[in-house]
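[1] Take this sequence and fold it.
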Amino acid sequence: MKKRILGYDIARALAIIGMVIVNFRLIMVGDGHGPHWLLTFASLFEGRAAATFVVLAGAGLSLLSQRARHDHDLVALGRNRVSLLKRALFLFVVGLLYAPLWPADILHFYGIYITVGALVLAASTRRLWQLAGAFVLGFVILLFVFDYEAGWDWETFSYDGFWTPAGFVRNLFFNGFHPVFPWTAFLLIGMVLGRQDLRNPAVRKRVMAWGLGAAVLAETVSRILIKTLSAGASAVDLEVITTVFGTASMPPMPLYIIAGAGTACVVIAACVALGERYASASWLKPLVATGQLALTLYVAHVVIGMGLLEALGRLEHQTPAFAVGSALVFSALSVLFAHLWRQRFNRGPLEWIMRLSIFEIKNRKSFDLEFREPKF
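    Coordinates of the predicted model:
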């Protein structure tokens, strides 16, 4: 049995922590005032943590189907595809159930990303790049055809008509927090990444170099274009220029996709290097466990983390320092919980439910070993 690549779990843990910081700040901070260094720190994760999360999902699809693809085993590929489609349906439904509590949910979008990934599981690497480009280009085309601001109240970040057929489809595919166009490109790029042997130091260095180069290039081009085009522009024109040529996640323009994917590749390659070097280190195990409980912790950061803050009357109109501090405290407790949980159980609560739901009843015996004997 092939050894698990711990670096992917570490990267997933960092992505979850980054998403917690972004989401706590989004909900808790009433304005943009606060220490510059703190606002800069929090902004580093905006649009990047979630992108890394999706790229990791794509890499997971390639790792899952690796043997079947290499052996050209159509039967095994079919089983992989069915398993992924079941997982996609599970995440889509759970995400919709979760959306009333957390409108910025990414899980139901995940369901569509993974469905697309499952359908192109055996596609060539070249075709995956082409499809990724098509999703990015598709969003730009949609931007010229439809009103990106339709349904949005930017003051409250609320979306009117989400549960109507037209509003739901528009939000899902075009102007939601993580729309299928172009966010599926992150998953497809992740599938390409998952086909690389990141355990090989030379491959890691190449991935990091290309990722860093792409991210720096996108950010540099963005700043040059904005600075050049904004000279003498009106306030309205400046807003349009910043939106079109910026690297913010809303709207997710091509430069953002390049910057987000490049950053994700650097983070993932660095985490794999960390996992390879310190595989047996005890201090790394809590982070690995956190990545393995990503689904549970993603839901918990709203249900438990924000729920507790709301009960204490500290969820809204807080300072950036309190928001980021709360996110870091929740993240630290999550790492501790994940570490203790994994010492006793093989999977997190929601991970276990998802795995149980996508297997046939005849495979139920495989879940008899979910419990671990406690270690003293």
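[2] which residues of the stretch 101-250 of the chain fall in strands?
    According to DSSP state E, counting those that start in this stretch, the stretch 101-250 of the chain carries its strands in the segments 152-153, 158-159.
[3] Pipe those into TSV and attach mean pLDDT per row.
    Formatted as TSV, the strands of the stretch 101-250 of the chain follow (pLDDT from 0 to 100):
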stretch	mean pLDDT
strand 152-153	91
strand 158-159	90
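[4] Reformat those strands as JSON lines; add mean neighbour count and distance to T243.
    Bear in mind the C-beta positions are built from the backbone N, C-alpha and C, glycine included. Supplementary listing: the strands of the stretch 101-250 of the chain in JSON lines, determined by neighbours: other Cβ atoms under 10 Å; distance: least, Cβ to Cβ, whole Å:
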{"stretch": "strand 152-153", "mean neighbour count": "14", "distance to T243": "13"}
{"stretch": "strand 158-159", "mean neighbour count": "16", "distance to T243": "18"}
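[5] Mind putting those into TSV with distance to S124?
    Listed next are these as TSV, based on distance: least, Cβ to Cβ, whole Å:
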stretch	distance to S124
strand 152-153	38
strand 158-159	37
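[6] so which of those strands gets nearest P165?
    The closest of these to P165 is strand 158-159. By Cβ to Cβ, the value is 14.3 Å.
[7] elements contacting that closest one?
    Using 3 or more Cβ pairs under 8 Å, 6 or more residues apart in numbering; DSSP states H and E, the elements in contact with strand 158-159 are strand 152-153.
[8] Give the pairing partners of the strand it packs on; include direction for each.
    strand 158-159 (antiparallel) (DSSP bridges).
[9] I'd like to know which elements the biggest helix by length in the chain is packed against.
    Secondary structure of the chain per DSSP state H: the longest helix is helix 201-229. Applying 3+ Cβ pairs under 8 Å, 6+ apart, one finds that helix 201-229 contacts helix 235-245, helix 254-277.
[10] Which one of the strands of the stretch 101-250 of the chain lies nearest to P100?
    strand 158-159 (12.1 Å).
[11] and the gap between the one residue sitting closest to the centre of the chain and A248?
    Averaging the C-alpha coordinates of the chain gives a centre point, and the residue nearest to it by Cα atoms, centre = their mean is F53 (2.6 Å). F53 sits 17 Å away from A248, going by Cβ to Cβ, to the nearest Å.
[12] contacting residues for L284?
    L284 is in contact with 6, 10, 274-275, 278, counting by Cβ atoms under 8 Å, 6 or more residues apart in numbering.
[13] tell me the SS of it?
    Put simply, L284 is helix when judged by DSSP: H, G, I helix; E, B strand; the rest coil.
[14] Make 649 the starting number, not 1.
    Got it, first residue is 649 now, which makes that one L932.
[15] Tell me how far it lies from V851.
    21 Å.
[16] again, but for T911
    Using Cβ to Cβ, one obtains 18 Å as the distance from T911 to V851.
[17] With neighbour numbers in mind, choose between those two.
    Neighbour totals were compared for T911 and V851, and T911 leads with 25 against 14 (other Cβ atoms under 10 Å).
[18] On the pLDDT front, check S1014 for me.
    Predicted confidence (pLDDT) for S1014: 44.
[19] Please disregard the earlier target; I meant K651.
    On the pLDDT scale, K651 gets 73.
[20] how about it, secondary structure?
    coil.
[21] and G765, how many neighbours?
    Per other Cβ under 10 Å, the neighbour tally for G765 reads 28.
[22] from what I can see it touches A833, true?
    No: using Cβ atoms under 8 Å, G765 and A833 do not qualify as a contacting pair, with a distance of 11.3 Å.
[23] re the thing from before, least reliable of the helices and strands packed on helix 849-877 going by mean pLDDT?
    Among those, helix 883-893 scores lowest, with a mean of 83.
[24] Now do it and helix 902-925, the angle between them.
    Between helix 883-893 and helix 902-925, the angle comes out at 40 degrees (axes from the mean of the first three to the mean of the last three Cα atoms, to 10 degrees).
[25] between helix 883-893 and helix 849-877, how big is the angle?
    Using the same axes, to 10 degrees: helix 883-893 against helix 849-877 is 160 degrees.
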